[in-house]
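Visitor: my questions concern the predicted model and sequence given below.
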2 protein chains.
Amino acid sequence: MEQPEPGSAPPAARGGPISHAIFRVARLHRMLAGQLLRQAGLHPGQELLMMHLWEAGPQRQAELVTVLGSDSATVTRTVARLERAGFVRRTSCAEDRRVTIVTATPASVALRREVEQIWHRLEDLTADGLGADGRDAAVELLARLEHNLAEATAARCARRSS
Amino acid sequence: MEQPEPGSAPPAARGGPISHAIFRVARLHRMLAGQLLRQAGLHPGQELLMMHLWEAGPQRQAELVTVLGSDSATVTRTVARLERAGFVRRTSCAEDRRVTIVTATPASVALRREVEQIWHRLEDLTADGLGADGRDAAVELLARLEHNLAEATAARCARRSS
DNA sequence: CGTATTTACCTGTCCGAACAGGGAATCCTG
DNA sequence: CAGGATTCCCTGTTCGGACAGGTAAATACG
């Protein structure tokens, strides 16, 4: 991956500075998270699933889909890869034979501290130089953007399915 | 894709509220951009390449890689798909036979207005309710985050390659 | 001049993300 | 109880993104 040179002028950003900035920040953030997570043997996205599993205990796949806000196909394959990596175990539910329960293996618990440190470090690198109030402002702004985007996608989905 | 329910409490966000918010905002933003762009027959990422081509004229692929800050393999395949879709033409350079020049086809020019409207709309949906100064603050904060992340990844790359 | 390095591009592979579609189990309703 | 709808999961496909490796062309250097 080529590094976007630090002072690169926004080339096509004239049409939407915020959108373009979100795009760039997200890409850098994802890249940095990927670099940090690789030390732990995880790929970006897998750590969210594991973190939820560690916090909330064994989960049904459908619950993971809801909590992660992800696609069920993505969860199916991510769980499969995590199982192959030994971080996760899948058990069929006896009461409802449609559901499969996903459990974090004991081997994965060793990862937990590492992943939490990585997230803490990622947060510090991201918010470097922002004071406590600066972080609050950032969280508030991002929440606002998230609210707007959620609203917009929901409106589009509702209109499409009507 | 399941909709992340609007008021969903951040489940694993305790370890890094800003990082988690970036993740969520980016995902929603990407999803919304994808929904809007599909009307134009483009996938997210392709529109940036086309916009740069429209603005800056025929480009070498290496230039596109630099400007988009993307991977050369990604650009190769994205250009191939855009060529197959008829939005782009590839010509071999006579002076330097290594380079291929990518040109926006006349057919693609019809897309330009549409894509620009889509980006304008995306920006409005994203920044809805933020005043002019709110948008400025958003741009400033995002620039700060981008700077931090660029710094961090650059530092990591430098250390790794030393 | 000939070799080494750099540049530009392509290919293969792996991953997450999204959509479409399908099969199995369960639930609901008449 | 039977049939239809729903839930849950899986598979296939397509796409962007990233990494590794490889080829051809141009340039730099001894």
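Guide: Ah, there it is. Numbering: from 1, shown residues only, chains lettered A, B, ... in the order given.
Visitor: burial count for A:Arg77?
Guide: 11 (other CB atoms under 10 Å in any protein chain shown). The C-beta positions use only the backbone N, C-alpha and C, and glycine is treated the same way.
Visitor: distance between the helix or strand hosting A:His120 and the chain's centre?
Guide: For A:His120, the host element (DSSP states H and E) is helix A:106-126. Chain-centre distance of helix A:106-126: 13 Å, with CA atoms, centre = their mean, to the nearest Å.
Visitor: cool, stretch A:130-145 as well?
Guide: Centroid separation between stretch A:130-145 and its chain, computed with CA atoms, centre = their mean, is 19 Å.
Visitor: contact residues of chain A facing DNA strand C?
Guide: A:43-46, A:70-74, A:77-78, A:81, A:95-98 (CB under 7 Å from any atom of the strand).
Visitor: repeat the analysis, applying 6 Å as the threshold.
Guide: Listed as neighbours of DNA strand C in chain A under the rule CB under 6 Å from any atom of the strand: A:43-46, A:70-71, A:73-74, A:77-78, A:81, A:96-98.
Visitor: which helices and strands sit right next to the helix holding A:His120?
Guide: Under the contact criterion of 3 or more CB pairs under 8 Å, 6 or more residues apart in numbering or on different chains; DSSP states H and E, helix A:106-126 touches helix A:17-38, helix A:46-56, helix B:17-38, helix B:132-160.
Visitor: and the first one, what's buried?
Guide: Judged by neighbour count (16 or more other CB atoms under 10 Å in any protein chain shown), helix A:17-38 contains these buried residues: A:17-33, A:35-37.
Visitor: angle of the helix holding A:His120 against helix B:132-160?
Guide: With axes from the mean of the first three to the mean of the last three CA atoms, to 10 degrees defining the directions, helix A:106-126 sits at 120 degrees from helix B:132-160.
Visitor: what comes into contact with helix A:106-126?
Guide: Contact with helix A:106-126 is made by A:29, A:32-33, A:36-37, A:39-42, A:47, A:50-51, A:53-54, A:86-88, B:15-19, B:22, B:145, B:148-149, B:152, as judged by CB atoms under 8 Å, 6 or more residues apart in numbering or on different chains.
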